[in-house]
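Novice: Only the shape, not the letters, is given here:
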Ligand code: SF4
Ligand code: SF4
Ligand code: SF4
Ligand code: SF4
Ligand code: SF4
Ligand code: SF4
Ligand code: SF4
Ligand code: SF4
């Protein structure tokens, strides 16, 4: 295809000769992908509506209004309680669906804007012709993009076309949230699914761009183990910390230190996904922690310089950092904090100002920001070390005596944490109550302004827990990136047959209902049972933050492959696209189905054949809303934690309604055949980790399971139910199609029970939910 | 420049020869515009931040929280009352700014999605090479696009590039609303301004596309007078009504009727902006009314077929229409109502189904939808005519007796309308109370579900007011589209000198606080005083809906030019871009300033020299939020009605703080000179029409006014204040720079008063707020 | 303006400035709750996993729940892993399922109830995690006009129709009331 | 868990499920209002244009307002075109300005008050259009901790610190209280 390049270059120079004319050549795709184009490349809102309605007909939207009101236009506030309608005619169900759509649009836009920034930055640096190279074991390099957009991106410049398409779709979906647009909750849901699908596309674009452009691990199951935890930072060195999700400036910090040969003289670390990506760039960088550590960490005063980029950064960062004399450098137009734009000022001036106590600067040139961050830290770390950021223990006790045990803090706390009691015992000299609070605390900080005595609750908690904080040192396997084609070739068959009982992905943020550690516990349960475990984002960090008796984290105990009994940390939030991507790669690589522009067939494949289940235990964000519904459209169920019921909407199946669980059997002339509630839900909120574990096993069951596969899945399901619920599940018979499905160990007992309930054998179909395939695949 | 075209054609065929390769040449701009490129083509979020901060430093954001809570993520609900912060660290001010940004993004996305649909539709129909031709009197054909994007679109295809850019920017801005992004309210505002600016760009793209592609009037001040009002429809004919903002299907309805030569046999009309655009396409089409007429009209049962497209359509349209057996055809992927997608079904089948009582169909092919709409109306109108949609008067009285005067309806009504009293008198046989309700009613319908006696309040009101409804027949001048270069050449000088005292634009929706008619009253006040009056959207309709004693509307009494004492209806909502456009054209055409990619200089020009003021009396929508802040960034102040205080944010100047009102005087070596509060506010909510009138006159005052201009402006301001406030304003001396500024008639008295307050003469500067120009323009 | 339009009402100037039902507690006593349960046609207890941890007057909430169930015949759904606690205590609930599943069935007016005797008309929640419980109650409030909801919790739940704000004494009183006659 | 954490409180299980201050009326009597005005250091009346139309006991609200102003010396800001009504009645307010302007100044702790005697500490709103008034009160509630707001209106305003729900009788009583001593 060199001929084309040549001609284009020729054209460019030819045109350039003609003066005064603005010429850009934007979107020439050179595509070497030979797969035939499917029916739905670059789908618009309505293209996949039929598929959405198939899903939504089984998995009905379940709405939990978070407010009775709508306040989105000046006719409001409108009271939508029960049967009432708003001044625009909307009802409470449609309003919840609309809010979910709005949030998903925000989520997809956030990843989209991030991807755009990353791609344009790398194009500027490397050129739009820079090859997207994910290594020799990855040829299906962008499964979401390939299946949705219908192209295989080969060069960075190709991603522009992907983003152009994605941005158009996000704008289209967002427009539907305007007053007086969509009137049906089902169609709002369909639009949420659409923008959720787009979200995976743009996440993928962002991550393959940064992998290829920044040299991150390329699906490396042996990615290095890196340090994580509040206790990992060597406080004798200058400390530069990046907070957010966009690692561009972070890489410049590392580069600057490398250039100065001082990487070992300065502590570079990160909070939230930027931290993941920092370690993907440079393995000696440290992960301080996830979202719920931000406020604690800033307050600790350990950082000399905090560099914020974008997303999930506490909005009071500048205010809080200033209190402990930490310099703040804002580096993204998403977060400017009202700071003066110093992008074009001389470096030395900015460095001097920040070193002299100017609280912050906005620097939109990443290279300059990187240098300034390092130089400022080098200059101020010495004198900052004397700073006392937290009250000492005596002071904590004294402060605690001010508490009048009014209970306002507890009532405001999203977790209802027992602060008043802890204060009371602290006042008497026993700080253990405060330490207990630390274990569960989300670090959200809302208790403090609620306190009528103005107690610095978090600082008291942090000092009380100081030993714990110092001991927070763990190992995390750095984000490996996508799943290899070779891995897919290995695990594709057992996944589809069911003999690998499931793929469980722990993803999302840190808004837990009951402390941390739950994720590691859940993950280990499935690792021991040889499920494939995947992790990303804050969840991947959280899993690292628990050691066993031997002082080992799961990442040390289990390999990083995408394989049974392994745990693969794919990376930061945008790497979530590799999880949906792995599901898409199975039909492509193992089953040799065309994926190009072929959304419905692939989603139908995943829904019926791939026992994958996402667990987003602490999700709080709009990005996570988009990711979840994007998974759902692909046929991947998602379990969320209890707080996520505030997303306002779930997709629940009704296993008690038999009619909902029929599919077409391709090998029986398209006959409708009952397959049971497999999977039972598409988006489901679990109250406790115990419930979540049992439900995870259940949601990995698929119509296509072979008897051997079903037997394995059922035995885990039954076993887990007995372990956590103290009894067999009440619904297991519905999953038994033939006696061979029964776990061998319990076979006799179970057979007896089956007879009692009048069980009749069923059939293992070649399942599809798409009528057009009911007689024959393609 | 023909050379380029040739070369591109050559390239295309050269590339086409290489088989198997997907080649598109998307964004080659052929631009014949010779103006030099300014400093800020295609600005991103941060590019114009400095300008925003200049504005926001004078016009400080004023927040009126509409809710104390934030419920945007699952950490919430967070109580942000007074000093509290949310779990993400946000405070109540930043939250309001964030909500405004979110709304503006929705607004810009809505226009953007609309523009994209329109442009792609017309390209499909006419080809991307179709010339954008706005007639020989318009060469500055896209002032917003030219000034912001930095290109002059010449062909439909050029608009794609505009929309690509706009969509990217909307996504960038939306992403900043994600939890944990921007932390400063000022920077949220700057982003709102950015997306508001983009909103004008996409509105312009949409309107110039449809003008050129559908043959709308091209800046025609003599555009035809068309019929408007609920009483204009001939009920003996079949009736097809289009509701929404996107006229594409509407044009197909007209085309189909033309083809059948039956345009006079069927009533074609519209509600909301689609109605505007229908009459721009075909002058015999009728405008039923604006937003607040929708529910009344649907309930009346007059329509045989309702075709909904997008935006500002009541969400209960399908439900309500079904009750009166009106068939509904949904034609946009924005509004699907859960209806089956019949796009690919045979026409006859759909027609048969709808004629036989199937309530609705989704038809995404406009041509097909147009035909089906007409054919269904022809088939069902006969039998529908017998239908009794409203209770008769006896029944109304009987129903009214059921009312227990509980007051719930009144308490729910956004206008606190006296329904209970009206019911009580109606029960006694006097329906006049209900008629009074009709006059003020917004037709929002929220009173009905609030009624514990389930009274069909609106139907009772409509029947009571039936005579009024029938008499609602007025004339509206159809939307003329943009302002001509020639008009600008005429009025540019007097506007900038101030001798035309102002340009007042009545725009926006119908969420009034006190009935209709106010807009016409306000408009006439300024028409009589020879201001230039402009109108658009629902406001333009509302102005038509009042006749004087001679039965004439303002459109009949005053010419449609963009000139002193004339009223120019520019058209539908997207035509609002021609109002900002006219302000941009003045520096371009009259003052010969470069506008290309030259945002700040032009905005500075407008702020200081063009006495324009937008009045959005009944705005309710997110689109209107975007439009308003888009005007503000251009330096155009906007007055909104009292309900719009629920937009949560105003930009208020403080005339009592002298320091805020200095500018650089270019003709005095950049010295800072006091110019008074001109204009005083950028976004301001007025409580009453009286207040609005006086403030409009005040907000037309500009630093650049010559003495003659200032004298004229002051005399109107003083006069209006005396008329509506019964006294001179208390702040007039601040606007007097020299004695020559004083209105001649009152000169002596005023001079005396000036002496009393210790007035000192000032200077008339060559004003700029931009430091870089303080010594010299460019 | 007629006189009726000027009536003084002791409430927000416009409906909808608070949440729909306002933030005013509708709090009932154990006696009233007892009576409401006995009067209901098809009441249901929904007992959640917090019962396994919470204590009132030193006694496990789970024990109070079992006493309630045994005092007066009302079907019990154990949610989440609460089932384990009940079984360990030798009490067999009528069913167990996740909180969202039972709410999903309760909102369906066609559902036949836990004992297949018809949809329930009164639901009493005890021991469900507050944030999730509140959301579920919100679902029922909007979409299940056929039933009334009551929470037993140390806090008042605005989305419930009624709340009883408990301590050990009140729980004892409740059981007592249920046992009577 | 300490005992203190289990206290029963008769309020929403979590702060923030209603609007901040809840939907509970903080309604006061004319006598209390009168006393609050007299006790305030720098009270202010904000009188809006609805006074020109509303009647109580057949008497124009504007007349009550003037009586209030004359009964006890409190500065008056007439908002919007209310000024015209006052002037026609021969009453000269201290100032007139749009509602948003006075709110804008009141939220500024540096502002020196209508009589340049310092920022006000109590603001009484009477006759401002409810929707706009509520928004303005919301501004003050969040951004003007230095002052208290009271509305005189036939409806209760949740964003005000206190409301008096008026009819003619109460207005008379208020004027009476203000006149006393
Ligand atoms: S969008 Fe609809 S429900 Fe919401 S405030 Fe506006 S009119 Fe009311
Ligand atoms: S910071 Fe911790 S203790 Fe405070 S409210 Fe948040 S979660 Fe509760
Ligand atoms: S709010 Fe403050 S004073 Fe009250 S219990 Fe909590 S820590 Fe103590
Ligand atoms: S939807 Fe959220 S912001 Fe709006 S009224 Fe309800 S709680 Fe407040
Ligand atoms: S976005 Fe912030 S303020 Fe809003 S609910 Fe989430 S954490 Fe609370
Ligand atoms: S329909 Fe009219 S009367 Fe009814 S609530 Fe709306 S504005 Fe008030
Ligand atoms: S709500 Fe119904 S019953 Fe009550 S006053 Fe209004 S119309 Fe009459
Ligand atoms: S002016 Fe407002 S209501 Fe009217 S059509 Fe435009 S956005 Fe809709």
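Specialist: Arrived safely. Since the structure is predicted, the reported quantities are computational estimates derived from the model, not experimental observations. Ligands and ions are numbered 1, 2, ... in the order given.
Novice: Residue ranges in chain C under the pLDDT threshold?
Specialist: Flagging of chain C using pLDDT under 70 yields the residue ranges C:1-25, C:181.
Novice: Tell me where the longest helix sits in chain C.
Specialist: In chain C, assigned by DSSP state H, the helix with the most residues is helix C:130-143.
Novice: Next secondary structure element downstream of that one?
Specialist: Using DSSP states H and E, the helix or strand that follows helix C:130-143 in sequence is strand C:148-153.
Novice: Check whether the longest helix of chain C comes near chain A.
Specialist: Yes: interface with chain A: helix C:130-143 contributes C:130-132, C:135-136, C:138-139, C:141-143 (CB under 8 Å from any CB of the partner chain). To be clear about C-beta, it is placed using only N, CA and C from the backbone, and glycine gets the same treatment.
Novice: what's the closest of these to chain B?
Specialist: residue C:131 (8.5 Å; CB to the nearest CB).
Novice: Residue B:78 versus that closest one, what's the distance?
Specialist: 13 Å (CB to CB, to the nearest Å).
Novice: So these two - more neighbours on which side?
Specialist: Neighbours per residue (other CB atoms under 10 Å in any protein chain shown) separate residue C:131 from residue B:78, with residue B:78 holding more: 26 against 23.
Novice: wait, isn't the more buried one in contact with residue B:87?
Specialist: Yes: with contact defined as CB atoms under 8 Å, residue B:78 counts as touching residue B:87 (5.5 Å).
Novice: Pull up the overlap in contacts between the two.
Specialist: Residues touching both residue B:78 and residue B:87 by CB atoms under 8 Å, 6 or more residues apart in numbering or on different chains: residue A:446.
Novice: so how many other residues sit close to residue 146?
Specialist: All of this is about chain A. For residue A:146, the neighbour count with other CB under 10 Å is 29.
Novice: um, chain C though
Specialist: 14.
Novice: check contacts around it.
Specialist: The contact partners of residue C:146, by CB under 8 Å, 6+ apart, come to C:109, C:119, C:121.
Novice: Show me which of those residues is closest to residue A:249.
Specialist: Taking CB to CB as the measure, residue C:109 is the one of the contacts of residue C:146 closest to residue A:249, at 56.1 Å.
Novice: How about residue C:112, nearest residue that isn't a chain neighbour?
Specialist: Nearest non-adjacent residue to residue C:112, counting by CB to CB, 6 or more residues apart in numbering or on different chains: residue C:118, 6.1 Å away.
Novice: helix or strand for the one you found, which one?
Specialist: Using DSSP H and E, residue C:118 falls outside every helix and strand.
Novice: which residues does residue C:178 contact?
Specialist: C:34, C:37-38, C:68, C:71-72.
Novice: Any idea which residue of chain C lies closest to ligand 5?
Specialist: Residue nearest to ligand 5 within chain C (CB to the nearest ligand atom): residue C:131, separated by 12.5 Å.
Novice: before we move on, what SS does whichever residue of the stretch 1-150 of chain A sits closest to ligand 7 have?
Specialist: Of all residues in the stretch 1-150 of chain A, residue A:84 sits closest to ligand 7, at 12.4 Å by CB to the nearest ligand atom. Three-state call for residue A:84 (DSSP: H, G, I helix; E, B strand; the rest coil): coil.
Novice: Thought residue B:444 was touching it, still the case?
Specialist: No: judged on CB under 8 Å, residue A:84 makes no contact with residue B:444 at a distance of 12.0 Å.
Novice: for stretch A:585-599, how far is the first residue from the last?
Specialist: Its first and final residues considered, stretch A:585-599 spans 13 Å by CA to CA, to the nearest Å.
Novice: Now tell me what touches that stretch from outside.
Specialist: The contact list for stretch A:585-599 (CB under 8 Å, 6+ apart) reads A:33, A:35-43, A:48, A:51, A:140, A:143, A:146-150, A:197, A:483, A:485, A:488-489, A:492-493, A:495-496, A:584, A:601-602, A:605-606, A:609-610, A:778.
Novice: Just the buried residues from the residues you listed, in ChimeraX please.
Specialist: Buried residues among the contacts of stretch A:585-599 (16 or more other CB atoms under 10 Å in any protein chain shown), as a ChimeraX selection:
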select /A:33,35,38,40,41,42,43,48,51,140,143,146,147,148,149,150,197,483,485,488,492,495,496,584,601,602,605,606,609,610
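Novice: Show only the entries of the contacts of stretch A:585-599 found in helices.
Specialist: A:51, A:143, A:146-148, A:197, A:485, A:488-489, A:492-493, A:495-496, A:584, A:601-602, A:605-606, A:609.
Novice: what residues go with each domain of chain A?
Specialist: Annotated domains of chain A cover A:40-214, A:230-384, A:393-455, A:474-773 [automatic domain parsing].
Novice: Just say which of those is most tucked in.
Specialist: Of those, the one with the most neighbours on average (mean count of other CB atoms under 10 Å in any protein chain shown) is domain A:40-214, at a mean of 25.
Novice: how far out from the middle of the chain is it?
Specialist: Domain A:40-214 has its C-alpha centroid displaced from the chain centroid by 15 Å (CA atoms, centre = their mean, to the nearest Å).
Novice: Could you say which helix or strand holds the most centrally placed residue in chain C?
Specialist: When CA atoms, centre = their mean is applied to chain C, the residue found nearest the centroid is residue C:124 (2.5 Å). In the assignment (DSSP H and E), residue C:124 maps to strand C:122-126.
Novice: Can you name every helix or strand that that strand contacts?
Specialist: Counting contacts by 3 or more CB pairs under 8 Å, 6 or more residues apart in numbering or on different chains; DSSP states H and E, strand C:122-126 is packed against helix C:30-39, strand C:43-47, helix C:61-71, helix C:130-143, strand C:148-153.
Novice: Of those, which is nearest residue A:542?
Specialist: Taking CB to CB, helix C:130-143 is the member of the helices and strands packed on strand C:122-126 nearest to residue A:542, at 19.2 Å.
Novice: before we move on, the earlier item: between the contacts of residue C:146, which is nearest ligand 3?
Specialist: Nearest to ligand 3 among those is residue C:121, at 40.1 Å by CB to the nearest ligand atom.
Novice: That closest one and residue C:145, how far apart?
Specialist: 11 Å.
Novice: Tell me who's in contact with the closest residue to ligand 1 within the stretch 601-750 of chain A.
Specialist: Closest to ligand 1 within the stretch 601-750 of chain A is residue A:648: 14.5 Å, counting by CB to the nearest ligand atom. For residue A:648, the contact set (CB under 8 Å, 6+ apart) comprises A:63-66, A:96, A:99-100.
Novice: Quick one: distance of stretch A:370-379 to the chain centre.
Specialist: How far stretch A:370-379 lies from its chain's middle: 31 Å, per CA atoms, centre = their mean.
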